[in-house]
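**Student:** Quick check, what structure comes out for this input:
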Amino acid sequence: MPVRRPRVVIRHVLRSAIVALARRLYGQDLAPASPQVDVWLRLYRALWDDRTQGGTNPGQVPGTQGERAWRGVLVAMLRSPRLLLY
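**Tutor:** Residues are numbered from 1 along each chain as shown. Alright, predicted model coming up:
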């Protein structure tokens, strides 16, 4: 059975990962509590809450809720025009 972590810990881990990705992809040093990190975290949460696209049928996105949400955040970060400007 997987270990359940408190939401505060999960949010902290997600914020740290987003900060590290922004530094690597965009060359930006963001604070974990910055508004830009809040935007990425809200996207993660929205994708996590969306259960309409998850599944293994054609046209659905495979993986757990967390995997799908994280994949969506990464795709959004990689498609950002900021990546081209760095």
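
**Student:** going forward, measure contacts between C-alpha atoms and count neighbours the same way
**Tutor:** Fine.

**Student:** And the contacts of the lengthiest helix in the chain?
**Tutor:** The longest helix of the chain (DSSP state H) is helix 7-26. Helix 7-26 is contacted from outside by 28-33, 37, 40-41, 78, 82-83, 85-86, using Cα atoms under 8 Å, 6 or more residues apart in numbering.

**Student:** Please convert the buried members of the residues you listed into PyMOL selection syntax.
**Tutor:** Buried residues within the contacts of helix 7-26, by 16 or more other Cα atoms under 10 Å, are selected in PyMOL with:
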select buried, resi 30+32+37+40+41
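
**Student:** following the longest helix of the chain, which helix or strand shows up next?
**Tutor:** Downstream of helix 7-26, the first helix or strand assigned by DSSP states H and E is helix 35-49.

**Student:** where's that next one relative to the chain centroid, distance-wise?
**Tutor:** 7 Å (Cα atoms, centre = their mean, to the nearest Å).

**Student:** what's the next secondary structure element after that helix?
**Tutor:** Following helix 35-49 in sequence, per DSSP H and E, is helix 65-79.

**Student:** Okay, angle between that following helix and helix 35-49 too, please.
**Tutor:** 140 degrees (axes from the mean of the first three to the mean of the last three Cα atoms, to 10 degrees).

**Student:** now the helix or strand following helix 65-79: mean pLDDT?
**Tutor:** Remark: after helix 65-79, the chain's next helix or strand is helix 81-85, criterion DSSP H and E. Averaging pLDDT along helix 81-85 yields 78.
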